[in-house]
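Participant: Fold the following for me, if possible:
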Amino acid sequence: MPSLLRRVTSLIFTLTLISVSVAQNETSSTRLSVEDAVAQALAKNFTVRIQQYSVSRAKDSVIIAQSVYDPTLGVIWQKTFTKSPGVTNSTSTATGGKSPESEGNSATLSVSQPVVTGGTVSADYALNRTATNTIQSLLNPAYLGQVALNVSQPLLQGAGTDYGMAGIHTAEYGKRIAEANFKSAVLTMIYNVEAAYLNLIYTRKQFDVAHDTLKLAQQLLDENIIKRQSGILTDLDVTQAEAGVATAKSQLIGYKQSMQNAEDSLLQTMGETQFKSTVGYVEFPSYSTNDISFDLSYKKARDNGPNLAVIEATIEQYKLSALQTKRNTLPRLDATAGIGYSSAEHSYSDASSTVWSAPGYNWNAGLQLTIPWGMRANKALYRQAMASVESQKVALDQADQVLTVQVRSAIRAVNANKEAVDASLATVALSKKQYSLQKAKFDAGLSTSYDVLQAQNQLEAALNTQIQAQVSLYSSTANLHFLEGTSLESYHVNVN
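Facilitator: This next block holds a predicted model:
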């Protein structure tokens with residue numbers, strides 16, 4: 001009876017293995033390349049999508065900074081009426097004894113243009129109509145035309161094109177920083193996809209190894225049961241084989257869970273939200289690890305890496321801030337000048353046409369000096385700005401040092417993992433040979449089930465070590481490409 005129960009159990013388990021194998025084949029029917037995974041992540045990844053808005057805001061900040069020098073157009077229309085509170089004399093008005101009154105209409109067109117030197121140029125054109133009941137007015141109603149041009153220019157504080165353009169350049173560097181951060185987000189996303197993709201390969205291959213190990217353990221148990229019935233083996237051999245099957249089943253359950261978790265992690269990195277789709281067949285990417293050198297990789301990392309670019313752009317922003325604050329430590333000295341023409345006629349058309357012949361005119365010129373007592377605040381702001389510049393220079397040196405160490409470490413990892421793959425392949429070949437020899441000795445009655453199980457475990461460990469070495473090689477290569485910033489080129493990604 002126990003023998004029949006074991007055979008039924010063995011049959012059920014065999015059917016289970018077949019169903020698992022069929023399910024694996026169905027999952028693997030559709031191939032998912034790492035390029036496809038990266039492409040989907042670019043379209044759906046939350047971090048990349050969020051970072052895109054930062055770039056958009058930074059671009060708009062440049063437009064906002066440039067708009068400071070956009071001209072301003074103004075139009076004013078106004079109607080006025082004035083009545084004096086009392087009569088000063090009986091002949092002040094045409095009717096006599098009536099309070100003086102006046103009314104008027106005015107329309108003014110103005111244009112103001114800030115200039116990058118820090119000054120402002122403005123022009124005004126106005127047509128006015130005034131009417132009064134006083135007899136002293138020679139023109140009643142009077143039509144007045146006025147045109148004026150005024151210029152103001154700081155000479156010390158706030159003066160200079162470099163000062164005037166500092167805000168625009170700061171915004172442009174801010175755009176560079178946002179673009180570099182976006183590039184960093186894309187590179188990080190690609191690396192995370194690669195890591196999740198490789199982890200899924202690792203867990204699936206581990207599951208396959210555990211699946212094959214379980215089949216071998218089950219075959220050994222079936223053989224031991226038959227040999228015990230023939231009197232060749234004892235209950236101890238059967239029990240040892242049963243223990244081997246139980247251990248293999250337990251490992252297979254754990255690997256299956258790890259495989260499912262790895263699949264969810266890859267889908268999450270790809271931006272999946274429903275988790276209803278399954279990941280198809282995955283395979284190792286076609287990375288090239290030839291001709292690796294520190295000088296070449298470090299140059300690529302310096303030229304393509306976004307982290308140093310962010311710090312360098314930040315330094316330039318702080319330099320612009322220092323320039324402005326240094327200029328602000330000077331006294332405020334502004335020069336102003338203006339000229340205007342005016343006319344008074346009997347109609348709007350006459351007033352408009354004669355204003356340019358300058359029957360009436362005015363001009364002005366002057367200087368205005370303002371000196372804050374002690375200038376302490378501006379001097380302190382300048383010291384803060386220079387401290388920020390120097391601190392970012394130190395941060396740049398530190399980041400460069402870190403990058404150097406990271407590149408050196410990444411190259412060592414690639415080279416070491418190459419050797420580890422070669423060593424693991426040799427170990428697997430020897431473990432397979434050792435298992436075959438041990439199984440042959442067992443079949444000849446020269447060893448025990450325990451010896452076969454030990455050889456089987458060693459083969460499983462060697463296969464897992466080989467998988468780990470392969471995954472580590474591809475992971476270290478992906479990390480090197482991440483540091484070099486060449487992942488974008490590899491996957492034909494244009495961050496612009």
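Participant: pLDDT score for residue 280?
Facilitator: pLDDT recorded at residue 280 is 87.
Participant: Check the one 5 residues further on too.
Facilitator: Note for residue 285: predicted pLDDT of 84.
Participant: what about the residue most central in space within the chain, which helix or strand?
Facilitator: The residue lying closest to the centre of the chain (CA atoms, centre = their mean) is residue 182, at 2.4 Å. In the assignment (DSSP states H and E), residue 182 maps to helix 166-229.
Participant: Distance from the chain centre to that helix, please.
Facilitator: 22 Å (CA atoms, centre = their mean, to the nearest Å).
Participant: likewise stretch 317-325?
Facilitator: Its chain's average C-alpha position is 25 Å from that of stretch 317-325, according to CA atoms, centre = their mean.
Participant: Over to stretch 329-340?
Facilitator: Counting by CA atoms, centre = their mean, stretch 329-340 comes out at 44 Å from the chain centroid.
Participant: How about stretch 41-52?
Facilitator: 9 Å.
Participant: Contacts only, for the residue nearest to the centre of the chain.
Facilitator: Shown in contact with residue 182 (CB atoms under 8 Å, 6 or more residues apart in numbering): 48, 51, 52, 54, 55, 495. Just so you know, the C-beta spots here come from the backbone N, C-alpha and C atoms, and that holds for glycine as well.
Participant: What count of nearby residues applies to the second one?
Facilitator: What that stands for is residue 51. 21 (other CB atoms under 10 Å).
Participant: Check the last one too.
Facilitator: As a burial measure, residue 495 scores 17 neighbours (other CB under 10 Å).
Participant: Which SSE is immediately downstream of the helix holding residue 182?
Facilitator: Assigned by DSSP H and E, the successor of helix 166-229 is helix 235-269.
Participant: what angle separates the helix or strand just after that next one from helix 166-229?
Facilitator: Next in sequence after helix 235-269, counting helices and strands by DSSP H and E, comes helix 294-304. Going by axes from the mean of the first three to the mean of the last three CA atoms, to 10 degrees, helix 294-304 is angled at 130 degrees with respect to helix 166-229.
Participant: How far away from the center of its chain is helix 294-304?
Facilitator: 21 Å.
Participant: Does anything pack onto it? Which helices or strands?
Facilitator: Helix 294-304 sits against helix 376-443, helix 449-484, with contacts defined as 3 or more CB pairs under 8 Å, 6 or more residues apart in numbering; DSSP states H and E.
Participant: Out of those, the one nearest residue 263 is which?
Facilitator: With CB to CB as the measure, helix 449-484 is the member of those nearest residue 263 (15.6 Å).
Participant: Tell me which residues of that closest one come out buried.
Facilitator: 449, 452-460, 462-484 (16 or more other CB atoms under 10 Å).
Participant: so for that helix, what's the average pLDDT?
Facilitator: Average pLDDT, helix 449-484: 90.
Participant: Heading C-terminal from that helix, find the next helix or strand.
Facilitator: Taking DSSP H and E, what comes next after helix 449-484 is helix 487-490.
Participant: pLDDT of stretch 313-328, averaged?
Facilitator: Averaged across stretch 313-328, pLDDT comes to 93.
Participant: outside of that stretch, which residues touch it?
Facilitator: 156-160, 162-163, 166, 169-170, 173-174, 176-177, 180, 378, 381-382, 384-386, 388-389, 392-393, 396.
Participant: And stretch 190-197, by the same measure?
Facilitator: 34, 37-38, 41, 262, 265-266, 268-270, 282, 285, 474-475, 478-479, 482, 487-488, 491, 493.
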